[in-house]
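Asker: Just a sequence and a predicted model for now, questions to come.
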Amino acid sequence: MKGVAETFAPELAGTRRLVIGIGEFAVSNRPGDLIVTHALGSCIAVCVFDPRAGVAGMLHFLLPEASINPDRARQQPGVFADTGIPLLFEAAYQYGLSRKRAIVTLVGGAEMTLQTGSTFGTGRRNALAAKNVLWRAGVFVSGQEVGGTDARTLYLSVADGRMEVHNGQSYKEL
Amino acid sequence: MRILIVDDSAMMRAMIKRVIKLADVPVDAILEASNGAEGLELLQKHDVQLLLTDINMPVMTGAEMLREISMNERWRGLSRVIISTDGSTVRREEAADLDVRCYLEKPFSPEVLRDVLNELADNEVAETD
Amino acid sequence: MSSTNLPTTKLPKLTDAEAATAMFEAVRAVAEQSFFAVAEPGDDRTFHAAAAKVPRWLVATVRFEQGPIAGAVSCTLPENLANGLFDAFTGRDPGEPTPVSTLVHDLVGEFSNMVCGAWLTRVESGRTFTLSHPSVEPAVTPGHAGDMRLVAAIDDLPVAVDLRLRPAQA
């Protein structure tokens, strides 16, 4: 598992892009940082932001439960909602994120259609799994941009928690 | 703020209590009752600011309890919220006549209840100031 | 999903297929919004194959009256699904003590209560209704269909929802 957590260093000014892939997460408290993830199809990006602590983080997970593939879960816990989301929060707590102040947003969960025209329903399962894990952890979901059939690219600004979601034809701010 | 939850399901009351605690709404106490008659007994004994009640319950329904409450001047300032599976237009109109401030239809997500609680808590503060 | 012909006491305004669709939509809404569980439509063959592997069930029944119609809705769920729904609804931590059966029964009763209410609101939003307190019983089989049986899967486990109708009391 690759988790990217960068320490704030005031002398290193400027915008920095932290790009995460499937099963990865990033947490930062550098105002100039942008956390980015691409190709959010049926995957879900879980974004957290604490405006008072100035901390933001993002996890990109692929599947709902580690029990689907325990071996992979041991090597890459970030791939699964039930093992990845706790890791994201544990890292964010180290930067001073407060559970009660945390603004949590879910993005992704599209239904990607197979050539046969059918879908696995993975996007829906992932969105529900994320909500289940967060509720058990006592965290409310503040917003979501889930469903549809298009893959998304997501940008999260650490400075102010603003998000931009791109799906190829258009974008929207969250 | 003292909150009274009235629902014949202990698990529904537990879920609502959990949302209240997580929502960080200023709460002095959370009281529970399993039907309208028990709810009225608790209202007689305790000073409650917010009532969250189901409709369909044994012994005394939520609608019957709310009618009793609306006839008693003592409870004029009590904020009333219905949490019910009955989403019919008839029931909603009846609720409006009984000074119900919010009608929450089951099933609901925790966030929906949290938003209702935050709005009512803000109103409570505004009315006190 | 499957349905059988309704008896002479039929649902006003709805065909059998419309009633079954409304029932699945109610099940899905309840499963997803309150229990974060995936509900998918089923068929008899898949249901019976999955049901054969289930050793214990819980059957939660709610009686209703809505204008000219009355009856009961029963939700039949595998016991292990009921335990999973309990954890999801309450946010129970796996480290907490296992809940006693009365609390799980209460939860399944509330599930059935919500499905019944959500279905009745869909069937006739202009009429209010009354619901009984749920009764919950264990069972070793999913039993027999009522006037209409909807089979579905919740979190990949077989679920049956039965509707029984009778004329409302005058």
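Answerer: Looks like it arrived, so ask away.
Asker: can you give me the strands for the chain?
Answerer: Looking at chain A here, since you left the chain open. Shown for chain A, the strands assigned by DSSP state E span residues A:3-5, A:16-20, A:25-28, A:33-40, A:44-50, A:55-61, A:103-108, A:143-146, A:152-157, A:163-166, A:171-173.
Asker: you looked at the wrong chain, it should be chain C
Answerer: C:39-41, C:57-66, C:69-78, C:130-131, C:135-139, C:148-154, C:157-167.
Asker: can you tell me which of those strands comes nearest to A:G21?
Answerer: Between A:G21 and those, the tightest spacing by Cβ to Cβ is seen for strand C:39-41, at 29.7 Å. C-betas here are computed from N, CA, C, even on glycine.
Asker: List the pairing partners of that closest one within its sheet, with orientation.
Answerer: strand C:148-154 (antiparallel) (DSSP bridges).
Asker: How about residues contacting the strand it pairs with?
Answerer: Residues outside strand C:148-154 that contact it (Cβ atoms under 8 Å, 6 or more residues apart in numbering or on different chains) are C:1-4, C:6, C:16, C:19-20, C:23-24, C:27, C:31, C:35, C:37-44, C:46-47, C:50, C:77, C:81, C:85, C:158-163.
Asker: buried set for the biggest helix by length in chain B?
Answerer: With secondary structure taken from DSSP state H, chain B has its longest helix at helix B:110-128. Buried residues in helix B:110-128, defined by neighbour count with 16 or more other Cβ atoms under 10 Å in any protein chain shown: B:110-111, B:113-114, B:116-117, B:120-121, B:124.
Asker: Burial check on A:Q169, number of neighbours?
Answerer: By other Cβ atoms under 10 Å in any protein chain shown, 6 other residues sit near A:Q169.
Asker: hang on, the earlier thing: columns mean neighbour count and mean pLDDT on top of the strands of chain C, output as a markdown table?
Answerer: Shown next, in a markdown table, are these (neighbours: other Cβ atoms under 10 Å in any protein chain shown; pLDDT from 0 to 100):
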| stretch | mean neighbour count | mean pLDDT |
| --- | --- | --- |
| strand C:39-41 | 19 | 95 |
| strand C:57-66 | 22 | 95 |
| strand C:69-78 | 23 | 94 |
| strand C:130-131 | 20 | 93 |
| strand C:135-139 | 15 | 96 |
| strand C:148-154 | 24 | 94 |
| strand C:157-167 | 21 | 91 |
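Asker: got a list of contacts for the longest helix of chain B?
Answerer: By Cβ under 8 Å, 6+ apart, helix B:110-128 touches A:135, A:140-142, B:1, B:15-16, B:18-20, B:22-23, B:25-26, B:49-50, B:79, B:81, B:83, B:101-102, B:104.
Asker: ok, now with 6 Å
Answerer: With Cβ atoms under 6 Å, 6 or more residues apart in numbering or on different chains as the test, helix B:110-128 has contacts from A:135, A:140-141, B:1, B:19, B:23, B:25, B:79, B:102.
Asker: Neighbour count added to those, as a markdown table?
Answerer: Below are these laid out as a markdown table (neighbours: other Cβ atoms under 10 Å in any protein chain shown):
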| residue | neighbour count |
| --- | --- |
| A:W135 | 24 |
| A:F140 | 21 |
| A:V141 | 19 |
| B:M1 | 19 |
| B:V19 | 23 |
| B:A23 | 19 |
| B:V25 | 18 |
| B:S79 | 20 |
| B:C102 | 17 |
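Asker: Nearest spatial neighbour of A:F61, chain-adjacent residues omitted?
Answerer: Using Cβ to Cβ, 6 or more residues apart in numbering or on different chains and skipping the chain neighbours, the partner closest in space to A:F61 is A:G84 (4.6 Å).
Asker: which residues does the one you found contact?
Answerer: A:59, A:61, A:77-78.
Asker: Chain C: which of the residues you listed is nearest?
Answerer: Relative to chain C, the closest of the contacts of A:G84 is A:F61; by Cβ to the nearest Cβ it sits at 15.2 Å.
Asker: okay but that closest one is in contact with A:T83, surely?
Answerer: No. Applying Cβ atoms under 6 Å as the test, A:F61 and A:T83 come out as separate, 8.7 Å apart.
Asker: Those two: which is more packed in?
Answerer: A:F61 (29 against 20).
Asker: And the pLDDT for the more buried one?
Answerer: pLDDT for A:F61: 98.
Asker: got it, and the one 10 residues further on?
Answerer: A:D71 is assigned a predicted lDDT (pLDDT) of 96.
Asker: What of A:M112?
Answerer: A:M112 is assigned a pLDDT of 79 by the prediction.
Asker: do B:D129 as well
Answerer: For B:D129, the model assigns a pLDDT of 54.
Asker: cool, A:E11 as well?
Answerer: 41.
Asker: Go ahead and list the helix or strand containing B:E68.
Answerer: helix B:62-70 (DSSP states H and E).
Asker: Tell me if whichever helix or strand comes after that helix is near chain C.
Answerer: Helices and strands here follow DSSP H and E; after helix B:62-70, the next one along the chain is strand B:79-84. No. Against chain C, strand B:79-84 shows no contacts by Cβ under 6 Å from any Cβ of the partner chain, the least distance being 7.3 Å.
Asker: how about the next helix or strand after strand B:79-84: buried residues?
Answerer: On the C-terminal side of strand B:79-84, the closest following helix or strand by DSSP H and E is helix B:89-97. For helix B:89-97, a neighbour-count test (16+ other Cβ under 10 Å) marks B:91-92, B:94-95 as buried.
Asker: from those residues, which are also near chain A?
Answerer: Among these, not one lies near chain A by Cβ under 6 Å from any Cβ.
Asker: ok, back up a step: can you flag the buried ones in the contacts of A:G84?
Answerer: In the contacts of A:G84, the ones that pass as buried (16+ other Cβ under 10 Å) are A:59, A:61, A:77-78.
Asker: Many thanks, I have nothing further to ask.
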